[in-house]
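1. next input, structure requested:
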Amino acid sequence: MSVRTDPTPFILTADQLADDFIAVARLAGVELSAGAVNIEKLPAPHVPPTRLPPGRMAVYVFALGPEVLKVGKVGAKSQARYTSQHYNAGSALSTLAASILAERERHGLTEADMPRAGQWIRHNVDRVNFLIDEEIGMRLLNLLEAFLQCRLNPRYEGFKSQSTALGWSTCRPYPK
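-> Model (predicted):
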């Protein structure tokens, strides 16, 4: 199992993404302060968070170098989804580990590496958590997730059948 050593270009854009989201929220009629979105950058190799801070919700992004792999969200009571499920292929539906294992050859993994998918993620994949207060509400959390999915175009999003059937494989820029 190889370990990634290249720079982490996605992490460098996280602050700009938060600023852009605040502008998107404003367009939706919601004023957020400049500090309403806190960013936790976990460059590879990283240690997964041990808990979601009390009263917080999050949108998390996993990236392998310049390629964004997954964008997901958790409400204030989704501890397992936030801390551990994406590192274990069998823990829940639609985890990052399961998606990586489905394309293991693409990531240089073998059948023997399958039990160590979580270890591979921790060693090779960057993670950025965009944290917001629970009182901001689920609609803003949903908007943040949708904004990041469209902006970042993650490789693994939801179930393959959902992405293809709904035309969510990419978000295309609005024609000028």
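2. show me what the residue nearest to the spatial centre of the chain is bridged to.
-> Geometric centre of the chain, nearest residue: residue 61, 2.0 Å, by C-alpha atoms, centre = their mean. Counting by DSSP bridges, residue 61 forms beta bridges with residue 71, residue 128.
3. is it in contact with residue 127, as I believe?
-> Yes - when contacts are counted by C-beta atoms under 8 Å, residue 61 is listed as touching residue 127 (7.0 Å). C-beta coordinates here come from the backbone N, C-alpha and C atoms, glycine included.
4. check contacts around the residue nearest to the centre of the chain.
-> Shown in contact with residue 61 (C-beta atoms under 8 Å, 6 or more residues apart in numbering): 10, 14, 68, 70-71, 127-130, 148, 152, 154.
5. residue 10: what secondary structure?
-> When classified by DSSP: H, G, I helix; E, B strand; the rest coil, residue 10 comes out as helix.
6. cool, and residue 114?
-> helix.
7. skip the chain neighbours and tell me the closest residue to residue 49.
-> In space, and not counting its chain neighbours, residue 49 is closest to residue 83: 5.5 Å by C-beta to C-beta, 6 or more residues apart in numbering.
8. rewinding a little: redo the contacts of residue 61 as CSV? Include pLDDT.
-> As requested, the contacts of residue 61 are arranged in CSV below (pLDDT from 0 to 100):
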residue, pLDDT
10, 76
14, 94
68, 96
70, 97
71, 97
127, 97
128, 97
129, 98
130, 98
148, 97
152, 95
154, 97
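9. so which of these wins on neighbours?
-> Within these, residue 128 tops the neighbour count with 27 neighbours, counted by other C-beta atoms under 10 Å.
10. what's the separation between that residue and residue 118?
-> As for residue 128, its distance to residue 118 is 18 Å (criterion: C-beta to C-beta, to the nearest Å).
11. which of the contacts of residue 61 sits closest to residue 96?
-> Of all those, residue 96 sits closest to residue 70, with 4.8 Å by C-beta to C-beta.
12. touching, that closest one and residue 149? I think so.
-> No - contact criterion C-beta under 8 Å: residue 70 and residue 149 do not qualify, at 9.6 Å.
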